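Trainee: only geometry, no sequence info:
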């Protein structure tokens, strides 16, 4: 290795690729209802981490407020972002409805938990530290 080369933990290597792919995702529940509590957000983060690990992705940051969640995800080029989003929303909706049925029923009716839409932004333009700080500063319900 060249003495000028400094390893960057955000740059990953594959067999034939060197990459640094990060996505800032925002999900909202159906009708943007304020369904989230601190406990539900904590569980949502756990579920999201598990789904990311199974997809060979990494949840770098997670936070939210009563009516939305923010995720910062690092993923390999083999992962189709829309497929990962579908898995994240599908698996978390299943567990939320199962584990917090009484609470969620007050805010949402019918089968859908998440709104079918989502926000996704490439996180390469702004420094990751700025996005991470923004997500950390979300007003989490107490």
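Mentor: Cool, got the structure. All values derive from a computational prediction rather than experimental measurement.

Trainee: So which residue is dead centre in this protein?
Mentor: The C-alpha lying nearest the average C-alpha coordinate of the chain belongs to residue 71 (Cα atoms, centre = their mean; 3.1 Å).

Trainee: which one is that one nearest to, not counting chain neighbours?
Mentor: Nearest non-adjacent residue to residue 71, counting by Cβ to Cβ, 6 or more residues apart in numbering: residue 25, 4.4 Å away. Using the backbone N, CA and C atoms, a C-beta is placed for each residue, glycine as well.

Trainee: Can I take it that the one you found is in a helix?
Mentor: No. Counting by DSSP: H, G, I helix; E, B strand; the rest coil, residue 25 is not part of a helix but strand.

Trainee: thinking again about what came up before, where does the residue nearest to the centre of the chain land in three-state SS?
Mentor: Under three-state DSSP, residue 71 falls in the strand class.

Trainee: what is it paired to in the beta sheet?
Mentor: With DSSP bridges as the criterion, residue 71 is bridged to residue 25, residue 62.

Trainee: Relative to residue 101, how far out is it?
Mentor: Separation of residue 71 from residue 101 (Cβ to Cβ, to the nearest Å): 24 Å.

Trainee: before we move on, what about residue 22?
Mentor: 34 Å.

Trainee: again, but for residue 137
Mentor: Here the criterion is Cβ to Cβ. By it, residue 137 lies 31 Å from residue 101.

Trainee: what does residue 114 give?
Mentor: Relative to residue 101, residue 114 is positioned 16 Å away (Cβ to Cβ).

Trainee: and if you look at residue 115?
Mentor: From residue 115 to residue 101 the distance is 19 Å (Cβ to Cβ).

Trainee: These two - which one has more neighbours?
Mentor: Neighbours of residue 115 and residue 101, each counted by other Cβ atoms under 10 Å, are more numerous for residue 115; the result is 15 against 9.

Trainee: Now stretch 18-31: buried residues?
Mentor: For stretch 18-31, the neighbour count (16 or more other Cβ atoms under 10 Å) marks 21-25, 27-30 as buried.
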